[in-house]
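*Asks:* return atomic coordinates for the entry below.
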Amino acid sequence: MNIQDLVKFGIGSVFLAKEKMEELIEEAKKRGELSEKEASELINEMKKESEQKMEEIKRLIKEEVKKELSEIGVATKEDIKRIEEKLDNLNVKK
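*Replies:* Below is the predicted model of the structure:
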């Protein structure tokens, strides 16, 4: 699975689930199966879960990007910082 697939899948899943749950909650509220307060609480809980899922998706994307960059040999910030420190040490010794 490449990064684009991961992004599309994750974001699509979260938004689809959120929309469907909101529809179901509204229908239950109209039928009198949920009070306004219960519906509001469920929607808030759903929003919180959606945010958590989005954070997880972001984490997975970052991991995948980091892995891909590592595989093609792109220097990380840490690599550059280490090189800069070595250069600084060499300049001090001169």
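*Asks:* only C-alpha atoms for contact and neighbour calcs from this point on.
*Replies:* Fine.
*Asks:* just for this structure, where's the confidence low?
*Replies:* Residues of the chain meeting the criterion pLDDT under 70: 1-11, 14-15, 94.
*Asks:* next, the buried residues of the longest helix along it.
*Replies:* Ranked by residue count, the top helix of the chain under DSSP state H comes out as helix 36-72. Within helix 36-72, the residues scored as buried using 16 or more other CA atoms under 10 Å are 39-40, 42-43, 46, 50, 53-54, 57-58, 60-61, 64.
*Asks:* list just the nearest of these to residue 16.
*Replies:* Nearest to residue 16 among the buried residues of helix 36-72 is residue 50, at 10.5 Å by CA to CA.
*Asks:* distance of the closest one from residue 22?
*Replies:* In this view, residue 50 and residue 22 are 12 Å apart by CA to CA, to the nearest Å.
*Asks:* ok, back up a step: now the element after the longest helix of the chain, going C-ward?
*Replies:* helix 77-93 (DSSP states H and E).
*Asks:* contacts for that following helix?
*Replies:* Applying CA atoms under 8 Å, 6 or more residues apart in numbering, helix 77-93 has no contact partners.
*Asks:* now it: buried residues?
*Replies:* For helix 77-93, it's none, nothing buried (16+ other CA under 10 Å).
*Asks:* circling back to that earlier point, can you name every helix or strand that the longest helix of the chain contacts?
*Replies:* Helix 36-72 is packed against helix 3-30, with contacts defined by 3 or more CA pairs under 8 Å, 6 or more residues apart in numbering; DSSP states H and E.
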